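Any chance you can model this:
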Amino acid sequence: MKLDIRSLLSAYRDGSTTPEKVITELKKKIAEAPASIWISHTSDESLSRYLKNLHLKSPRDLPLYGIPFAIKDNIDLENCETTAGCPAFAYTPNRSATVVGKLIRAGAIPLGKTNMDQFATGLVGVRTPYGAIPNRFAPEYISGGSSSGSAAALAYGLCSFSLGTDTAGSGRVPAAFNNLYGVKPTCGLLSTKGVVPACRSLDCVSLFALNLSDAKRLLEIAKGYDEDDDYSRKAPENLAHLPENWAFGVPEESELNFFGNENYRKLFEDSITAAEKAGGKMRRIHFKPFLEAARLLYEGPWVFERHSAVGKFIEEHSAQIHPVTRKIIIPPSTPHPSQIFDAFHKLRHAKALADREMDQVDFLITPTVGTCYKTAEVEADPIRLNSNLGYYTNYMNLLDFSALAIPVGFAGKLPFGVTLVGKAFAENVLFSAAEKLRSFLAPKMAIAVCGAHLQGMPLHGELEDAEFLGTQKTAAEYTMFALPGNIPKPALVRAEKGGSSFHVELYALPAEEFGKFISQIPAPLSIGKIRLENGTEVSGFLGEPIVQKIGKNISEFGDWRKYFLSL
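Numbering: from 1, shown residues only. Here you go, the predicted model:
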């Protein structure tokens, strides 16, 4: 089942599925996915009401007809508890946040509220009493935060899009770690009415999407001036557009920081090359004023804006607060009032310098993050590593910029992405640039492996640098045979009748590497199309008819690893 908006709407229109069937299937998948993704689920009664509201409509009437989505648990959903990642803080709103209401009226169906760094304070996704979420692609690594659950729900295939918030990077860092598109709109473009504030003057609602088309569609539906939100802003009538001859900025080499992750550095360099091939002219810019602004977010008075939002509650419920969250929001000392004005003057200066750099280009390209960390590493060094993750994100709202995070590749199992940065209300520029970039990023081809190339098996090293896409099962129409040799190899043969389903892992390789890989496949193995349990087809290892004579039928094991361990 394809969950992107266009595919789902198409399936509704041709009658091949219904919103009821999609929700039923997703509830099964949610039950099998990590429980830590969610804080609460939409009740069956509420789901029935949302579905009933669609009965007199059609997918031609509503732009999000029957599209399932997830909501970060600091954004209100009517009659569903909001916790902001803290059970003691919980309350039940009698109306949805403005942006949630817009999406529901457009036909979208909320599935529940997702896990997050408590009070949206963190970029790591581990500062939560509901448990850290294992990264979809590399479980020992973090999913990013604070919108960890919203990104993970989409990455694990549990919804079609999700809502997060972004004050310091929470809508971009999780997008990068989960191979997603993350929209960090201009502050005020989307209403924050019904959102638990972190830094109210800097907060914005962010969007996670599976592709660029979905991201654009969602932004168009969700944006708009809200007179009930004091921080809402009206977009200019004449929005900027990407010119025919465009230039993009990249930080000076000395100002880039990958924290020792050379694989991410290489992927960033490849992204710059792709932007140049797409027709852009690269210019180096001075990134120092951006970094100066970033430091003010946690070293300046804006920490006290977080205290203004939830500090009194934290002081009264200290035992229920995550220790790192408490340490950040309740600082040991209060600055002199004059220091607050000093910080505003520093920000004004940094903004003036940063704007001069932005005036030289149409947008910037930076890494979304310089590296990724294992959960255990973050637990051992929570503040410093979190700060590293904000290197390319913390300045954004202080300087009143817009951003679009896009996935560009993998470093082994770990996704990597870049962020396109524009001035306020430059979303059209960023989407146009992303469309140009997309076609020049290295095309990849998927392959399914079912035996010696699986993780932990003898030949997995041949796929060490491939992009891991996840696990699946084949359709129940194959027989598996084990071929003799020093390293036994499996061969799938399509059964004439009956057949079984087998575990496979999916990987993506650049077209050139894919060609090299399959050229080494020895007879009687071959590469053909394998049908998966979800109905899609992917290239994978098949056997010629002779394997039924020379191989051993091992279909009873259902999984190559089980057979291998039995030897």
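
Convert the C-alpha atoms of stretch 37-57 to PDB, please.
Taking Å, rounded to 0.1, in the frame of the first residue of the first chain, the C-alpha atoms of stretch 37-57 are listed here in PDB:
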ATOM      1  CA  ILE A  37       6.400   6.200  18.400                       C
ATOM      2  CA  TRP A  38       3.000   7.200  19.900                       C
ATOM      3  CA  ILE A  39       1.900   8.800  23.200                       C
ATOM      4  CA  SER A  40      -1.800   8.300  22.400                       C
ATOM      5  CA  HIS A  41      -4.100   7.000  19.600                       C
ATOM      6  CA  THR A  42      -7.200   8.400  18.200                       C
ATOM      7  CA  SER A  43     -10.200   6.500  19.700                       C
ATOM      8  CA  ASP A  44     -12.200   4.200  17.500                       C
ATOM      9  CA  GLU A  45     -15.200   6.400  18.200                       C
ATOM     10  CA  SER A  46     -13.400   9.500  16.900                       C
ATOM     11  CA  LEU A  47     -12.000   7.600  13.900                       C
ATOM     12  CA  SER A  48     -15.500   6.500  13.000                       C
ATOM     13  CA  ARG A  49     -16.700  10.100  13.200                       C
ATOM     14  CA  TYR A  50     -13.900  11.300  10.900                       C
ATOM     15  CA  LEU A  51     -14.600   8.600   8.500                       C
ATOM     16  CA  LYS A  52     -18.400   9.300   8.600                       C
ATOM     17  CA  ASN A  53     -17.700  12.900   7.700                       C
ATOM     18  CA  LEU A  54     -16.200  11.700   4.400                       C
ATOM     19  CA  HIS A  55     -19.300   9.700   3.400                       C
ATOM     20  CA  LEU A  56     -21.000  12.600   1.600                       C
ATOM     21  CA  LYS A  57     -17.700  13.700   0.000                       C
END
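
Residues in contact with that stretch: which ones?
Residues outside stretch 37-57 that contact it (Cβ atoms under 8 Å, 6 or more residues apart in numbering) are 19-20, 23, 30, 62, 65-66, 70, 73, 77, 79-81, 83, 85, 104, 107, 109-116, 130, 133, 149, 152-153, 156, 158. All C-beta atoms are positioned from the backbone trio N, CA, C, and that covers glycine.

repeat for stretch 224-241
98, 102, 186-193, 200-201, 203, 223, 422-423, 425-429, 432.

Go through those residues and flag which are in helices.
Using DSSP state H, 98, 102, 427, 428, 429, 432 are the members of the contacts of stretch 224-241 that sit in helices.

Using neighbour counts, trim the residues you listed to the buried set.
98, 102, 427, 428, 429, 432 (16 or more other Cβ atoms under 10 Å).

Could I get these in CSV, plus columns for pLDDT?
Formatted as CSV, those follow (pLDDT from 0 to 100):
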residue, pLDDT
98, 98
102, 98
427, 98
428, 97
429, 98
432, 97
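
which one of those is nearest residue 322?
Of all those, residue 322 sits closest to residue 98, with 28.5 Å by Cβ to Cβ.

Can you give me the distance of that closest one to residue 402?
Per Cβ to Cβ, to the nearest Å, residue 98 is found 19 Å from residue 402.

Surely residue 324 forms part of a helix?
Yes - applying DSSP: H, G, I helix; E, B strand; the rest coil, one finds residue 324 inside a helix.

Show me which positions of stretch 518-532 end up buried.
Buried residues in stretch 518-532, defined by neighbour count with 16+ other Cβ under 10 Å: 518, 524, 525, 527, 530, 531, 532.

Just the endpoints, please. Distance across that stretch?
Stretch 518-532 has an end-to-end distance of 20 Å (criterion: Cα to Cα, to the nearest Å).

what's the answer for stretch 7-23, then?
With Cα to Cα, one end of stretch 7-23 sits 15 Å from the other.

Could you check that stretch and say which residues are buried?
8, 9, 11, 12, 19, 22, 23.

what helices or strands is the helix or strand containing residue 437 leaning on?
Following DSSP states H and E, one finds residue 437 within helix 427-438. Identification of packing neighbours for helix 427-438 by 3 or more Cβ pairs under 8 Å, 6 or more residues apart in numbering; DSSP states H and E yields helix 212-222, helix 262-277, strand 363-367, strand 401-411, strand 414-423.

now the ones you listed in a markdown table, with distance to residue 449?
Formatted as a markdown table, the helices and strands packed on helix 427-438 follow (distance: least, Cβ to Cβ, whole Å):
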| stretch | distance to residue 449 |
| --- | --- |
| helix 212-222 | 29 |
| helix 262-277 | 22 |
| strand 363-367 | 30 |
| strand 401-411 | 16 |
| strand 414-423 | 19 |
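
So for residue 386, which of those sits nearest?
strand 363-367 (16.3 Å).

And the contacts of that closest one?
Residues outside strand 363-367 that contact it (Cβ under 8 Å, 6+ apart): 242, 248-251, 256, 258, 264, 268, 271-272, 275, 285, 287, 358, 392, 416-422, 426, 429-430, 433.

after it comes which helix or strand?
Following strand 363-367 in sequence, per DSSP H and E, is helix 375-380.

ok, the helix or strand following the helix holding residue 437: who's next to it in the sheet?
Remark: after helix 427-438, the chain's next helix or strand is strand 444-449, criterion DSSP H and E. Strand pairing for strand 444-449, using DSSP bridges, gives strand 503-510 (antiparallel), strand 537-543 (parallel).

quick revisit: which stretch among the helices and strands packed on helix 427-438 comes nearest residue 450?
For these, the distance to residue 450 is smallest for strand 401-411, at 20.8 Å, taking Cβ to Cβ.

what angle do the closest one and helix 262-277 make?
120 degrees (axes from the mean of the first three to the mean of the last three Cα atoms, to 10 degrees).

Which secondary structure elements does strand 401-411 sit against?
Strand 401-411 packs on helix 173-177, strand 181-184, helix 262-277, strand 414-423, helix 427-438, strand 467-473, going by 3+ Cβ pairs under 8 Å, 6+ apart.

among these, which gets the worst mean confidence?
The minimum mean pLDDT among the helices and strands packed on strand 401-411 belongs to strand 467-473 (a mean of 86).

ok, back up a step: buried deepest among the helices and strands packed on strand 401-411, which one?
Using mean count of other Cβ atoms under 10 Å, the stretch among the helices and strands packed on strand 401-411 with the largest mean neighbour count is helix 173-177, at a mean of 35.

hmm, back to that, got a PyMOL select line for the buried ones in the contacts of stretch 37-57?
The following PyMOL line selects those of the contacts of stretch 37-57 that are buried, judged by 16+ other Cβ under 10 Å:
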select buried, resi 19+23+30+62+65+66+70+73+77+80+83+85+104+107+109+110+111+112+113+114+115+116+130+133+149+152+153+156+158
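
List the ones among the contacts of stretch 37-57 that fall in helices.
19, 20, 23, 30, 104, 149, 152, 153.

Would you list the phi and psi of the nearest residue to the first one once chain neighbours are set aside?
I take that to be residue 19. With sequence-adjacent residues excluded and distances taken as Cβ to Cβ, 6 or more residues apart in numbering, residue 19 is closest to residue 66, at 3.2 Å. Dihedral pair for residue 66: phi 70, psi 20, per degrees, to the nearest 10.

go on, residue 67?
Note on residue 67: its backbone torsions stand at phi -90, psi 120 [degrees, to the nearest 10].
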